[in-house]
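>>> Okay, structure incoming, though there's no sequence with it:
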C-alpha cells in the first residue's frame with residue numbers, strides 16, 4: 001500500500017503547477033489591483049488601496065527568488081512545544097526569500113543539508129518540495145530509521161526526504177508502506193550548492 005502524500009496546509013502549494021513548472025507555492029491575485037497574496041486570500045483583497053470589485057484568482061508564485069535573510073534554530077524550544085526528548089535535536093535553517101516576480105518575502109526552511117554556512121544574502125534559491133513529518137508504519141524498508149519519529153516542528157527528516165522538485169517521489173514509494181507523508185516547501189540554492 002502506498003503512503004499518502006498530504007500537504008501540511010492545503011492550498012498553499014502544489015507539486016504539479018498547471019503551467020508545467022513543477023513544485024510551486026500558490027497565492028492569489030486580485031483582478032482589480034493586481035496585488036498578490038501569500039498565504040492565499042480567498043475572502044477579500046487585503047490591499048488598502050484596491051479600488052474594489054475584483055475577483056481573487058489562484059496563481060502559482062515564482063519558483064525562484066533571492067535570500068533576504070536567514071538564521072538557524074539550534075535549540076529545542078520549551079513546552080508546550082511537542083518533541084521526543086530521547087531523540088537528539090537537529091538544528092535547522094530558516095530562510096526569508098524575496099520572490100523573483102512578486103517581490104514579496106516568504107519564509108521557509110532550507111532544504112536538508114543546507115546550513116547557514118552555505119547561504120548568503122542575495123543568493124538565488126528555488127522553492128522545492130520537502131517532507132515535514134511522516135506518520136504510520138513502514139514494513140520492508142531498509143534505511144528508514146526515524147521514519148516514524150521525525151520531528152514535525154524542526155523538519156528534521158530521514159533519508160526519505162523529497163528535496164528535488166522534479167522527483168517528488170521518495171524512497172518509500174516502492175515499498176510496502178502505510179501512513180501519511182506530510183509535505184511542505186523548502187528553499188535550495190540554485191546550482192546545487194548543497
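Structure's in. What do you need? Bear in mind that the values here come from a model prediction, so they are computed numbers and not experimental data.
>>> lowest average confidence, helix or strand, in this protein?
strand 138-139 (a mean of 37; mean pLDDT, DSSP states H and E).
>>> low-scoring pLDDT stretches of the chain, where are they?
Applying pLDDT under 70 to the chain flags residues 1, 136-177, 192-194.
>>> And for it, the residue most distant from the center?
In terms of distance from the mean C-alpha position of the chain, residue 51 ranks first, at 33.2 Å (Cα atoms, centre = their mean).
>>> residue contacts, it?
Residues near residue 51 by Cβ atoms under 8 Å, 6 or more residues apart in numbering: 32-33. In this view, the C-beta of every residue, glycine as well, is placed from N, C-alpha and C.
>>> which SS state does it fall under?
Here residue 51 is recorded as coil under DSSP: H, G, I helix; E, B strand; the rest coil.
>>> What's the separation between it and residue 119?
From residue 51 across to residue 119, the span is 40 Å (Cβ to Cβ, to the nearest Å).
>>> Could you pull out the buried residues of the helix or strand harbouring residue 69?
With elements taken from DSSP states H and E, the one containing residue 69 is strand 64-73. With burial defined by 16 or more other Cβ atoms under 10 Å, the residues of strand 64-73 counted as buried are 65-67, 70, 73.
>>> wait, is residue 117 part of a strand?
No. With the criterion set as three-state DSSP, the secondary structure at residue 117 is helix rather than a strand.
>>> Next, the contact list for the closest residue to residue 4 other than its chain neighbours, please.
Using Cβ to Cβ, 6 or more residues apart in numbering and skipping the chain neighbours, the partner closest in space to residue 4 is residue 180 (5.0 Å). With contact taken as Cβ under 8 Å, 6+ apart, residue 180 is in contact with 3-6, 134-136.
>>> Weed out the non-buried ones from the residues you listed.
3, 5, 134-135.
>>> so can I have JSON lines of those showing distance to residue 37 and secondary structure?
Written out in JSON lines, the entries for the buried ones among the contacts of residue 180 read as follows (distance: Cβ to Cβ, whole Å; DSSP: H, G, I helix; E, B strand; the rest coil):
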{"residue": "3", "distance to residue 37": "32", "secondary structure": "coil"}
{"residue": "5", "distance to residue 37": "25", "secondary structure": "strand"}
{"residue": "134", "distance to residue 37": "30", "secondary structure": "strand"}
{"residue": "135", "distance to residue 37": "30", "secondary structure": "strand"}
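>>> okay, the residues you listed in JSON lines with distance to residue 12 next?
As requested, the buried ones among the contacts of residue 180 are exported to JSON lines (distance: Cβ to Cβ, whole Å):
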{"residue": "3", "distance to residue 12": "20"}
{"residue": "5", "distance to residue 12": "14"}
{"residue": "134", "distance to residue 12": "19"}
{"residue": "135", "distance to residue 12": "19"}
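>>> ok, which pair from these is furthest apart?
The span of those, defined through Cβ to Cβ, is set by 5 and 135 at 11.9 Å.
>>> three-state assignment of the closest residue to residue 9 other than its chain neighbours?
Across the structure, with Cβ to Cβ, 6+ apart as the measure, the residue nearest residue 9 apart from its sequence neighbours is residue 39 (7.6 Å). Residue 39 carries the three-state label coil when classified by three-state DSSP.
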